[in-house]
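J.: Just the structure for this:
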Amino acid sequence: MELLQNSRDVPSRSTLIVWAEFLELTGSTPDHLSELMDIGWLNPTRTAEEALLFRQEDVYRIRKLERLCSDFELHPLGGSIVMDLLDRIAELEVRIRELTER
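T.: Alright, predicted model coming up:
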């Protein structure tokens, strides 16, 4: 067995999360996640074998969406719209802050 010569030879660890682990981390249901994927709100990466891979940021977004829907008794579609609007507001606030600091 050949030893790796330097750190560039060491494969990096993937930060992507497989479907089963994603379900566990988010506490969501397969139907709920499928619905979010169908509307394009959640876009996992697909492998050549069609396995779904999610990012850590997706876990955060789904947890936030679940909390929002639960707290305000929203349907996931309505919650995803609210989340998108909140993201837009945050982006605009950053842009305004950048412009006023000049």
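
J.: residues near residue 82, how many?
T.: Using other C-beta atoms under 10 Å, residue 82 is surrounded by 14 other residues. For glycine as for every other residue, the C-beta is placed from the backbone atoms N, C-alpha and C.

J.: what does the one 5 residues further on give?
T.: Here the count is done by other C-beta under 10 Å, and residue 87 has 11 residues near it.

J.: pretty sure it is in a helix, no?
T.: Yes: counting by DSSP: H, G, I helix; E, B strand; the rest coil, residue 87 is part of a helix.

J.: measure it to residue 27 for me?
T.: 21 Å (C-beta to C-beta, to the nearest Å).

J.: Could you do residue 84 as well?
T.: 21 Å.

J.: same question, residue 52
T.: Counting by C-beta to C-beta - residue 52 and residue 27 are separated by 17 Å.

J.: Pick out whichever of those two has more residues nearby.
T.: Per other C-beta under 10 Å, whichever of residue 52 and residue 27 has more neighbours is residue 52, with 17 against 10.
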